[in-house]
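**Q** Provide a 3D model corresponding to the input given below.
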Amino acid sequence: MEHLPYPKDVASAGPGPVPFVCKEAYDGGPFLTYPLRRKEPNPLANGTEMVDTVSNQVSSQPVARLEAFIQTWLFFGLLQEIFGDLFDASQFVRPAASTNETRNVSKTSQLVSVLKSWMAFGPRKVLDTSQLVSIVEKWMNRVELSRDSQDEKRSQYEHVASCLRLTVTVLQTVKANVRPDFNPWIRLSIATIGELLTQAANWAYEIDFGKDNKCPGNWNLVSEQPQMFDQMKRNGLCPSEIHRLRSSHLTLQTLNFLSWMRKEAPGMGHQNCTERICRASHNNLGQYVAKHQHQDCQCTNFLVDVPETIRILSRGLLPLLRIKPGSTTEDIRVDVVEASSNLKYIALSHVWADGLGNPYSNSLPKCQLQLLYELSRPFADMENEDDMLFWIDTLCCPVEPPEAKAMSLSLMKVPYTSASHVLVLENSLRDLKTSNLDPTEICMRIFTSGWMRRLWTLQEGALPGKLWFQFKDSVRELRQTWLKAMEIYNTEIGRRWLAHDITILYQDLRNFFHSEGEWAFDRSLESVDSALQFRSVSVASDEPLLIAGLLKLDTAFILDGSEDSRMQRLWSLIPSVPKGIPKNVLFNRGSRLPQSGFRWAPASLLSFTGDRDGSLRSTDIDEYSGTLTPAGLQIHLAAFPLKMAAAPKGLPKNPWNMFNNVTDNTIFCRYGDGVWLQIWEKYSDQSVDSNQDRPSLLGILRKASRSYTLLLASPFHFDGSHETSEALLVHDGDDQDQDSVRKVISDIIVGIGITPGNSKIFLEAAFQTSRMLLNDEITSQYIDLGIEDEKVQKEHPGYMNLEPILSQKLFDLAAGIKDPQILAAIQTQNSKGSNTFFPVFTARAYLGLHCDLAPMLPKTREWCVD
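**A** Numbers count the residues shown, from 1 in each chain. Sure thing, here's the model as predicted:
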C-alpha cells in the first residue's frame, strides 16, 4: 500500500504488496449499480442499500470469487468512478517482483478504463498505489478550478460521498459475515483508499468536516487488522500502548504508520506486559536502584542539602539546584538555591523506570548530575545565562520526614508552571536520532513513548509553556514540532490524516491548561478520566493529588489526612467541578472505597491494574450528575425490584447433580405474564479481597434477608427499541428513613436483556411445567421430609428414593408437550447444545432458582447509593 506514509526507518522487511485477484475488468459503468449488472448471482441484492439477505449472500460466496468481486468493484470501480479520465487501471497493477511480494497477495497506485492490460502480467500480480496520491492531487486541483456552479459541485460531492458510504457498508458486511480466509489486506487496501478519498473530497469541495461532511469517518472500524497490531508488538511497542492506540480511534493511515515504526527502548522488554499494564516501566519501589549513565560507572552518589531544601519549602517557596562541574565527575557539586522571580530554571520530567529516581534518599549518582549539566547548556545559551538552575523531584522533594514530603507534594504544580523550560528525559527518545525524521514521525515517537504512560507526566506535560524532549542528537520543543506537523496537514493530502491524529494527541496532552475555543478543556471529571486511561503510578496515594491538580481542587485538603483517605477526600470535592459526579460512575468496574457513604465511589480511575474497565465518558443517563450526601450518592434512576422466586422448603437442592455444570452467574427472570429476561454478572464490585471467594450472582440473590433492586444505566423498553442495559444490583440499607429516598447498598454490576422469541417460549414452557410438578404429590412428600441441608439430603433414604421418581415425572411432563410452537422452541434450544436443557430449566424453575421482576419503577425514582 504505497500511497500510505511510512516511518523513515521502516521496521522488518516493510509491508508487502496487496495481491491482485480480479478475474475480470471493471465494466466502466456506474459504481452504485455494478452488482446489478453482474451476470452471476449478486452478493448484494441492491446497489445502494444493504438488505436483510446480504449477510447470507456474502458469506455463501466462494472466498476467491468474493475477493475478486470486491476488489474489482470497490478498488478499481471506485477509483474509476471518482477520477474518471485521470484513472488508468494499468498503473495500479504490476508483476510481483519476488515470492516475498506475494505474501499479502495487492498494491495501490493509479486507475483508468484500460483494464484488459491487467491480464498481460502473468499469474502473480500485485496492486501498486504509488501513483495514487499524485492522481488525487490532480483531481482535487481539477475540482477546485472547475467553473461548475455551487449546486453542481454540491451534487458531485454528494455522489462521491454516496459511493464512499456504500463502500463502507459493503466492507462492514464482508468483515461481519465472511469466513476468516478472506484476505484482510484486500479489505485494508480498499479502506485506506476510501479514507484518503474522504479527506480529499472534503478538502476539494471545501466542506466543513465537522458540520457538513457526508463522507464516512469509520474506515478504521471496517478494516481493523489484528496483523497490524501484531506487527506493532513485534516492532517493540508495549501491549498496553497498543491497547491504548486501538482505543484511541486513530485513522488507518496512522495505525499503519505506527505498525511499521521501530520502538525498541534500551534495556526494556515488554514480554511480561499486558494490555492493562506495562510491567517494564512499572516500578517496584522496594527494589528500586538509581542507575548510572553507564553500567561500568563506579561514581558515588551526591546527597543534596536536605535541611536547606526543607527550610525553603517551609517558606512556601521552591528549592532549585545549581550544578557546579568539577575537573572530574567525582568533583561535581550541587548547591540548593531558593527560587525567585528573576531566576530561570529547567524543570525535569522523567520516567522513574529509566533510573533517575530514588525512593530512599535525595541523592543521585554524580554521573547523572554531570549529564544534567551538559543537557542544560543549550538552554543557557537560549537564555543568555552562564548556567541554568534545575528542579528535579528526586532531589528537590524530601523523602522524609513525612511533613516535608507533604509540603513538596502540595507544590507539585509550581515547578512546571514557573519553569522557563520543562525538559523530558525518556530513554527510547534519548536513544533516537531525529536529523532525518520529519515532524510527524517525531511527534508520533513522543506520543508513543513510555513517558506518555505514567500518571505524573500527564500534569508535567500539560502545565508548562515550553515543553522540550531530549533526543540523541537534538532537543525538540513540542509546540514548534506540532506546528510543523500542521504545515503538513495544510499542504500534503497524502499525510493529512496522520497530521490530523497528531493534533488530536497533542490537544489531549496540552489542553488541560493551554486551551481555548473548540479545544477548550471543560475541567469536568469525565475529561480527566479519559486522559487517565492507560496511565499508571507506582504510589497509589499520588493519584488523587494529580487529579486534584488537573481539576484545580485543593490539594492541601487532600493531604490533610492519611494516605488511605486521600481518594475519599478527592470524591468529596468533585461536586464543585463542572458537571459534578457523573451518575454512570456507579456502573464502572473496579475496586470501591471501603468508607461508609463512599462505597459507591471507585478507589481508582486508573485502568492499568486491570481492575477497571471503561471510562466515565459514555452514558445514556438523561441527567448527568448525582448529589453527594453523608449516606451516599443520591440519584434518579429507573429500576426493577426483584426477588428470588418462592419455593417450598424441603425440595432437593441439586437432584441428579444436574446443576454441576450450570453457571450461577446468569439468572433468568420472569416479568409479568410470560415475558422473560436474563441478568448476568458483568463486572464484580471487587470490594471483596481478590484472594477470597466471592459469592456468585445466584449466591448474592439467595440471601433471604435482603430486598434487591436493579438500578438501570440506560432506558429499558419492551418494544424492541432498547432491550438491553447495564444495571447495578443493590440491596436495601438497614437505616431507612420515612422520606421518599430509598437507601441502598451496591452489590454487583450486571447486564440485563430480554430473551428473544424462541427462548422466551422455551422458558415459559419450562416454567409452566415446573408449576405442574409443584402441584404434584411428590412435592408434598418432599415438604413432609423437610430437610434443607444438601449434604444430609444426599444421604437420606427418603430423598434417595424420591429422586428417580422426580426425574421420571419431569421427563414425562416434557414428553407430553404437544404444542408445535413450544416443541419448535425446545428443538431450537437443544440444537445449541445438550438435549437436557429443558429438564434443567424446568428443575431450576421448580426449585425457585429464577427471579420474579416487579413492574419497572420510573426514572424519576430517587435512590441514595452507598
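
**Q** quick check, residue 138 in a helix?
**A** Yes: counting by DSSP: H, G, I helix; E, B strand; the rest coil, residue 138 is located in a helix.

**Q** And the pLDDT at the nearest residue to it once chain neighbours are set aside?
**A** Computed as CB to CB, 6 or more residues apart in numbering, the closest residue to residue 138 that is not its neighbour in sequence is residue 86, at 5.7 Å. For the C-beta atoms, the positions are set from N, CA and C on the backbone; glycine is no exception. pLDDT, residue 86: 94.

**Q** Quick one: residues contacting residue 86.
**A** Residues near residue 86 by CB atoms under 8 Å, 6 or more residues apart in numbering: 135, 138-139, 142.

**Q** hey, where'd the strands end up in the stretch 101-250 of the chain?
**A** Secondary structure of the stretch 101-250 of the chain by DSSP state E, counting those that start in this stretch: the strands cover 125-127.

**Q** Give me the below-cutoff pLDDT ranges for it.
**A** Residue ranges of the stretch 101-250 of the chain with pLDDT under 70: 101-123, 177-180, 223-225.

**Q** Now which of the contacts of residue 86 would you call buried?
**A** Buried residues within the contacts of residue 86, defined by neighbour count using 16 or more other CB atoms under 10 Å: 135, 139.

**Q** roughly how far out does stretch 280-287 sit from the chain middle?
**A** A distance of 25 Å separates the centroid of the chain from that of stretch 280-287, by CA atoms, centre = their mean, to the nearest Å.

**Q** now do the same end-to-end measure for it.
**A** One end of stretch 280-287 sits 14 Å from the other (CA to CA, to the nearest Å).

**Q** and the residue nearest to the spatial centre of the chain, what is it in contact with?
**A** Nearest to the mean C-alpha position of the chain, by CA atoms, centre = their mean, lies residue 247 at 3.7 Å. By CB under 8 Å, 6+ apart, residue 247 lies in contact with 533-534.

**Q** Now the phi/psi pair for it, please.
**A** When quoted as degrees, to the nearest 10, the phi and psi of residue 247 stand at phi -90, psi 0.

**Q** Over to residue 675?
**A** Dihedral angles phi and psi of residue 675 (degrees, to the nearest 10) take the values phi -90, psi 130.

**Q** Identify each buried residue in the lengthiest strand in the chain, please.
**A** Ranked by number of residues, the top strand in the chain under DSSP state E is strand 742-754. For strand 742-754, the neighbour count (16+ other CB under 10 Å) marks 742-752, 754 as buried.

**Q** What of stretch 315-330?
**A** Under the neighbour-count criterion of 16+ other CB under 10 Å, stretch 315-330 has 318-323, 329 buried.

**Q** again with stretch 852-866
**A** Neighbour-count burial for stretch 852-866 [16+ other CB under 10 Å]: 853, 856-857, 859, 861, 863-866.

**Q** which outside residues touch stretch 700-718?
**A** 584, 586-587, 619-621, 635, 637-644, 667, 675, 679, 722-723, 725-732, 742, 744, 747-748, 750, 752, 754, 851, 856, 859, 863, 865.

**Q** May I see the buried residues of that stretch?
**A** For stretch 700-718, by 16+ other CB under 10 Å, it's 700-701, 708-714, 716.

**Q** and which of these is nearest to residue 194?
**A** residue 714 (32.2 Å; CB to CB).

**Q** mind checking how far the closest one is from residue 249?
**A** Distance from residue 714 to residue 249, counting by CB to CB, to the nearest Å: 22 Å.

**Q** ok, now residue 785?
**A** With CB to CB as the criterion, residue 785 and residue 249 are 62 Å apart.

**Q** Those two: which is more packed in?
**A** Ranked by neighbour count (other CB atoms under 10 Å), residue 785 and residue 249 place residue 785 first, with 15 against 12.

**Q** circling back to that earlier point, now pLDDT too, for the buried residues of stretch 315-330, in CSV please.
**A** What follows is those, written out as CSV (pLDDT from 0 to 100):
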residue, pLDDT
318, 95
319, 97
320, 96
321, 96
322, 95
323, 93
329, 92
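
**Q** Quick check: buried residues in the helix or strand that the longest strand of the chain is followed by?
**A** Downstream of strand 742-754, the first helix or strand assigned by DSSP states H and E is helix 757-774. Buried residues in helix 757-774, counted by 16+ other CB under 10 Å: 758-767, 769-770, 773-774.

**Q** tilt between helix 757-774 and strand 742-754?
**A** Angle of helix 757-774 versus strand 742-754, following axes from the mean of the first three to the mean of the last three CA atoms, to 10 degrees, is 120 degrees.

**Q** on that earlier part again, elements contacting the longest strand of the chain?
**A** Applying 3 or more CB pairs under 8 Å, 6 or more residues apart in numbering; DSSP states H and E, one finds that strand 742-754 contacts strand 675-684, helix 697-701, strand 708-712, strand 724-732, strand 862-865.

**Q** picking up where we left off before, filter the contacts of stretch 700-718 down to the buried ones, ChimeraX style.
**A** Selecting only the buried entries of the contacts of stretch 700-718 in ChimeraX, with 16+ other CB under 10 Å as the criterion:
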select :584,586,587,619,621,635,637,638,639,640,642,643,644,667,679,725,726,727,728,729,730,731,742,744,747,748,750,752,754,851,856,859,863,865
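
**Q** Tell me which helix or strand the nearest residue to residue 787 once chain neighbours are set aside sits in.
**A** Nearest residue to residue 787, sequence neighbours excluded (CB to CB, 6+ apart): residue 793, at 5.3 Å. Using DSSP H and E, residue 793 maps to helix 790-795.
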